[in-house]
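[1] what's the 3D shape of this:
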Amino acid sequence: MDIDKLKCVLCHKFPDSEVYECTAQHVGCIECVDKLNVRLCKCSEYFEQKKENPIERLAKHSKTPCPYKSSGCTWTFGSEDMRQHLEECKFRPVHCIGAKLKVISCSWKGRQNEIEDHMLKLHADLGKPFGYYQVTEIPFSTTVPRASIRLVDAFSKQFLFYFSSNVEKQTVYFMIVYFGRREEAQQYFYEFQIRDHTGRSVRQVKYVQTCIADCEDLNEKMESESCIALSFKSVKHYLQKDHIPIRFIIRKLEKEPESGASRERRASESDRSGGKPPKPKPTPFVFPKKGKQQQNVNRTRPVGGAAVGSDGGVKKSPMPSDDDPPLRRMAPALSRPLSASKTPVSTSPVLKTPEFSSINRMGVSGVDSPIVHQEPCPFMSPSINRLDAFWPN
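    Predicted structure coming up:
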């Protein structure tokens, strides 16, 4: 692209804000057009349309590689999509999730895929990881604030169970955090239940909530109660020896939405297609009356003689008239019906034979040639076989 086309045609400088554009796509900055009251471009066209700064427009549509390319990221984005990608890129540097939630003090810093090893090695005192289906009890106090975290292994992904009790707000919070992108976190949800595991009471409460991505503001989620939040008064009804009996199970949505990788791949590689819509798929071919067998209807009947019906009876052919086609008037009637004998017998040197499989109604064979030459039908197109013939019986 010619960089001079981005400059103002009047002052020959790069514009700092919006610009005017003529019909020939020449650019004029606002300072020259409005302040100097110059409405005519050098090409004798008027500056009529006010548009975005071409430099900003070029920077918005141009794609740049991710800043974490050296760490392994291969995505490229425009300026708008890059901001969201940097927040959830799996190659970005992250801090210990326990320190982020103010559960433990830790100064560790690494990558997202290293969190699990860090938690298991340096914070093994937190306990073994939970499974996707877990039944447990959590200590609770109305006077002492408590908080706990635990890794969760489900669907070969990394999850985190988080519990917190706020004495000032008299509220307890539960949430399950997914280590990944926001779109991927929305594919998973969990069923959280508080109930008596001993079976002595039927009273219980159940919540269904979507998992939260670790790149989101978890403290803001608790303040807005976008996770599971219960008051101390409600929790007291389910306490068992100062413990909250809980049970949760992590599930995956049956119909998966577009994953973060698919979204980023579409945003990163959209320039390859040039914005062209995908080609429509062809309509699948459907066989007419598939699986149904057509009835075998015998349309042939001897001309000038008797026709044998399906019931075995003999039907006489009508007498030829002046309205009949020439072939029918020329064909003499057979001496006897076909049903009387399998092979027609005649003492005439010319053999009169009925048709067999050809569309030509009459065939005559002489004594000199064993081949029967059939006369053409005036109502049918000529056959691709130049000579239709059959051997007489």
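[2] From now on I want contacts and neighbour counts done on CA atoms only, so please keep to that.
    OK.
[3] domains in the chain, as residue ranges please.
    3-61, 124-262, 347-393 (automatic domain parsing).
[4] where among these is the average confidence lowest?
    Among these, domain 347-393 carries the lowest mean pLDDT, a mean of 51.
[5] Asp125 - that's part of a helix, no?
    Yes. Asp125: assigned to a helix according to DSSP: H, G, I helix; E, B strand; the rest coil.
[6] Near it, how many residues? Count them for me, please.
    9 (other CA atoms under 10 Å).
[7] And it, how far from Ile149?
    11 Å (CA to CA, to the nearest Å).
[8] Need the domains of the chain in a markdown table (columns: distance to Gln84).
    Listed next are these as a markdown table, based on distance: least, CA to CA, whole Å:
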| stretch | distance to Gln84 |
| --- | --- |
| domain 3-61 | 14 |
| domain 124-262 | 10 |
| domain 347-393 | 71 |
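[9] Out of those, flag the one nearest Phe91.
    Of all the domains of the chain, domain 124-262 sits nearest to Phe91, with 10.7 Å by CA to CA.
[10] got a list of contacts for stretch 228-237?
    Stretch 228-237 is contacted by residues 142, 170-175, 207, 209, 222, 244 when judged by CA atoms under 8 Å, 6 or more residues apart in numbering.
[11] mind putting the residues you listed in TSV, distance to Arg92 and secondary structure included?
    What follows is the contacts of stretch 228-237, written out as TSV (distance: CA to CA, whole Å; DSSP: H, G, I helix; E, B strand; the rest coil):
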residue	distance to Arg92	secondary structure
Thr142	39	coil
Gln170	36	coil
Thr171	33	strand
Val172	31	strand
Tyr173	28	strand
Phe174	26	strand
Met175	23	strand
Tyr207	33	strand
Gln209	27	strand
Met222	24	helix
Ile244	36	strand
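[12] Just the buried ones among these, please.
    By neighbour count, with 16 or more other CA atoms under 10 Å, the contacts of stretch 228-237 hold 142, 171-175, 209, 222, 244 as buried.
[13] I'd like to know how many residues surround Val94.
    The number of residues near Val94, taken as other CA under 10 Å, comes to 18.
[14] For it, give me its contacts.
    109-112.
[15] Let's see which of these end up in strands.
    109-110 (DSSP state E).
[16] Okay, buried residues for stretch 195-204 please.
    Applying 16+ other CA under 10 Å to stretch 195-204 flags 195-196 as buried.
[17] and the end-to-end length of that stretch?
    End to end - CA to CA - stretch 195-204 spans 5 Å.
[18] Equivalent analysis for stretch 132-145, please.
    Stretch 132-145 end-to-end distance (CA to CA) = 27 Å.
[19] picking up where we left off before, let's have the contacts of stretch 228-237 in CSV, adding distance to Lys7.
    CSV is the format used below for these (distance: CA to CA, whole Å):
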residue, distance to Lys7
Thr142, 68
Gln170, 62
Thr171, 60
Val172, 60
Tyr173, 57
Phe174, 57
Met175, 54
Tyr207, 60
Gln209, 53
Met222, 50
Ile244, 68
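[20] Excluding residues flanking it in the chain, which one is nearest Tyr133?
    Ile249 (4.3 Å; CA to CA, 6 or more residues apart in numbering).
[21] Who is Gln49 paired with across the strands?
    Glu21 (DSSP bridges).
[22] of all the buried ones among the contacts of stretch 228-237, which two lie farthest apart?
    Longest span within these, CA to CA: Thr142 and Gln209, 25.0 Å.
[23] Flag every buried residue along the host helix or strand of Glu80.
    Using DSSP states H and E, the element containing Glu80 is helix 79-88. For helix 79-88, a neighbour-count test (16+ other CA under 10 Å) marks 82, 85, 88 as buried.
[24] Wait, the first one touches Cys66, no?
    Same thing as Met82. Yes. Here Met82 reaches Cys66: they are 7.5 Å apart, a contact under CA atoms under 8 Å.
[25] Spell out the residue ranges of the helices in this structure.
    30, 54-61, 79-88, 97-100, 115-122, 182-185, 218-223, 232-236, 260-273, 326-330 (DSSP state H).
[26] what does the shortest one contact?
    Looking back up the chat, that one is helix 30. 17-20.
[27] hmm, try it at 6 Å
    Around helix 30, the neighbours that count as contacts under CA atoms under 6 Å, 6 or more residues apart in numbering are Val19.
[28] check contacts around Asp159.
    Small correction: residue 159 is Phe, not Asp. 151-152, 177-178.
[29] beta partners for it?
    Using DSSP bridges, the bridge partners assigned to Phe159 are Val152, Tyr178.
[30] picking up where we left off before, check the buried residues of helix 79-88 for the minimum pLDDT and say which it is.
    Met82 (82).
[31] Now do the same for Ser105: its pLDDT.
    pLDDT, read off for Ser105, is 91.
[32] no wait, Pro65
    86.
[33] Please tell me how far it sits from Thr74.
    Relative to Thr74, and taking CA to CA, Pro65 is found at 7 Å.
[34] how close does Ile212 sit to Cys227?
    Taken as CA to CA, the span from Ile212 to Cys227 is 8 Å.
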